[in-house]
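[1] Kindly generate the corresponding structure for this input.
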Amino acid sequence: MHKGSCLCGAVTFEVSVPLPGPDVCHCSQCRKFSGHCFASSDVPKAAVTIQGAEKVSWYSGQKARRGFCSLCGSSLFWDPLHHDWIGLAMGAFDTPTKTQVRIHIHVASKGDYYEIKDGLPQNPH
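    Residues are numbered from 1 along each chain as shown. Next up is the predicted model:
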C-alpha cells in the first residue's frame with residue numbers, strides 16, 4: 001500500500017497496487033501545472049482511494065484533467081479522458097515508492113532552462 005497527500009493534508013490517497021515506473025512529462029501544460037516537469041505513476045483508477053476528494057479541484061483540457069488541492073494548490077493527479085487509469089504525482093507520496101523513472105515524454109516542448117542528462121529514453125511527443 002502506497003500513501004500520499006497534498007501539502008496541507010486535506011487530500012490524501014492510497015494505492016493498493018504496485019507502482020509502475022513513473023514517466024516525466026515535459027509538455028508546457030504539465031510544466032505550468034507543476035512548476036517544472038510532472039513525474040507520475042499510472043495506476044488503475046479502481047486501485048486508488050482518495051480521502052478529501054471534495055477538496056480536489058480539476059482543470060480540464062482537451063485530453064485530460066489535472067487535479068490539485070483547492071486549499072494548498074498541490075498538483076496531485078493527471079486523469080486522461082476516456083481511460084481507466086490515473087497518473088499520481090510522485091512528489092505527493094508520503095511513503096517510499098521503490099520506483100525509478102523509466103522515460104521522459106514530450107521532450108520536444110521542454111523548458112529551455114534545463115537539460116535531460118540521465119540517459120533514460122526520451123520521447124519527443
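[2] quick one: contacts for the residue most central in space within the chain?
    Residue closest to the average C-alpha location in the chain (CA atoms, centre = their mean): residue 89, at 3.0 Å. Going by CB atoms under 8 Å, 6 or more residues apart in numbering, residue 89 touches 4, 34, 38-40, 74-78. Heads up, the C-betas are built off the backbone N, CA and C, glycines and all.
[3] Filter those down to the ones in strands?
    4, 38-40, 75-78 (DSSP state E).
[4] Now flag whichever of the residues you listed is closest to residue 20.
    Lowest distance from residue 20 to the ones in strands among the contacts of residue 89 (CB to CB) belongs to residue 40, with 10.2 Å.
[5] any chance you could map the strands in the chain?
    2-5, 12-15, 23-25, 38-44, 48-51, 56-60, 64-69, 75-80, 85-89, 103-105, 122-123.
[6] Which strands and helices lie in contact with the third one?
    Packed against strand 23-25, as judged by 3 or more CB pairs under 8 Å, 6 or more residues apart in numbering; DSSP states H and E, are the following elements: strand 38-44, strand 103-105.
[7] Just checking: what are the partner strands of that strand?
    In the sheet, strand 23-25 lines up against strand 38-44 (antiparallel), strand 103-105 (parallel) (DSSP bridges).
[8] Residue 42 is in contact with residue 85, isn't it?
    Yes: between residue 42 and residue 85 there is a contact under CB atoms under 8 Å: 5.0 Å.
[9] Which of the strands paired with strand 23-25 has the highest mean neighbour count?
    Across the strands paired with strand 23-25, averaging neighbours per residue (mean count of other CB atoms under 10 Å) puts strand 38-44 on top, at a mean of 20.
[10] Dump it to CSV, keeping only the CA atoms.
    Taking C-alpha atoms only, strand 38-44 is exported to CSV below (Å, rounded to 0.1, in the frame of the first residue of the first chain):
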residue,chain,number,x,y,z
PHE,A,38,5.5,16.4,-13.9
ALA,A,39,6.6,12.9,-12.7
SER,A,40,3.7,10.5,-12.3
SER,A,41,3.0,6.8,-12.0
ASP,A,42,0.0,5.5,-13.9
VAL,A,43,-2.3,3.1,-12.0
PRO,A,44,-5.8,1.7,-12.5
